[in-house]
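A.B. asks: Sharing a model prediction with you, sequence too.
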Amino acid sequence: MKKLSAFEISLAGMFVALMAIGANITTIVPFMVVGGVPITLQTFFSVLAGAVLGSRLGAISMIVYAALGLVGAPVFAKFGGGFGSIVSPNFGFIVSFILVAYVVGKMVEKKSTLHMFVFASLVGMVINYLFGTNWMYFAYILWAAAPEGFTYQMAWLWMAVPLPKDIILSILAGVFAYRLEYSVLSRSTFRKIKQSA
């Protein structure tokens, strides 16, 4: 694996910071928690990381974010952190961000049209929901204390609340990343570094 440039490290660090901010939007509006699921901006920023940074750097930024939280930095939702987070029912969403950024990045690297940016962003959102919700369900069934009457259908009902927000934000992420690509990034040092790799 080639070494990351200082500029690439800075970009990855920026998305780690954005993920931490997006995770804790519920501290400003604490009612944005449905069941055991905080409504955050993390899906938006993980999709954007893949679309803007590409598959490799986008995934690296999400790995760094997850690792930072696991070593104790309060960067997860509700200022959570620490290795104990790995047994949280919501930890599957954190794992999914790595896959989301990688898949979205791969898709837009293959075809950089507006339609592909938007489609890739929506695919990323679907991956986040499928992986995170199934992890949450099995966590509640296998090791976490499930709410009374908890079912697979209930898990998806919880996720139906943030779904419209995430659909809209994923589309906006695709459009924003596309415009950024062709207005700034395509002529930047960042793209020249990637092309010479």
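C.D. replies: Everything's here; your move. Source: prediction; values computed, not measured.
A.B. asks: For stretch 63-79, which outside residues touch it?
C.D. replies: The contact list for stretch 63-79, computed with CB atoms under 8 Å, 6 or more residues apart in numbering, reads 12-13, 15-16, 19-20, 23-24, 26-27, 38, 40, 42, 80-83, 85-86, 90, 94-95, 97-98. Using the backbone N, CA and C atoms, a C-beta is placed for each residue, glycine as well.
A.B. asks: Sitting in helices, which of those do you find?
C.D. replies: Of the positions in those, 12-13, 15-16, 19-20, 23, 42, 94-95, 97-98 sit in helices, assigned by DSSP state H.
A.B. asks: Same list (the residues you listed) but as JSON lines, adding pLDDT and distance to K111.
C.D. replies: Output for these, formatted as JSON lines (pLDDT from 0 to 100; distance: CB to CB, whole Å):
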{"residue": "A12", "pLDDT": "94", "distance to K111": "24"}
{"residue": "G13", "pLDDT": "96", "distance to K111": "28"}
{"residue": "F15", "pLDDT": "97", "distance to K111": "23"}
{"residue": "V16", "pLDDT": "97", "distance to K111": "28"}
{"residue": "M19", "pLDDT": "96", "distance to K111": "26"}
{"residue": "A20", "pLDDT": "95", "distance to K111": "31"}
{"residue": "A23", "pLDDT": "89", "distance to K111": "31"}
{"residue": "Q42", "pLDDT": "93", "distance to K111": "26"}
{"residue": "I94", "pLDDT": "96", "distance to K111": "29"}
{"residue": "V95", "pLDDT": "97", "distance to K111": "27"}
{"residue": "F97", "pLDDT": "98", "distance to K111": "23"}
{"residue": "I98", "pLDDT": "98", "distance to K111": "22"}
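A.B. asks: What is the least confident helix or strand in this protein?
C.D. replies: One helix or strand of the chain scores below all others by mean pLDDT, DSSP states H and E: helix 189-195, with a mean of 53.
A.B. asks: Can you list the low-confidence ranges for the protein?
C.D. replies: 1-2, 26-38, 185-197 (pLDDT under 70).
A.B. asks: what residues are up against the residue nearest to the spatial centre of the chain?
C.D. replies: By CA atoms, centre = their mean, the chain has its centre lying nearest to S46, at 2.8 Å. Contacts of S46 were listed using CB under 8 Å, 6+ apart, and they are 19, 62, 96-97, 100-101, 124, 128.
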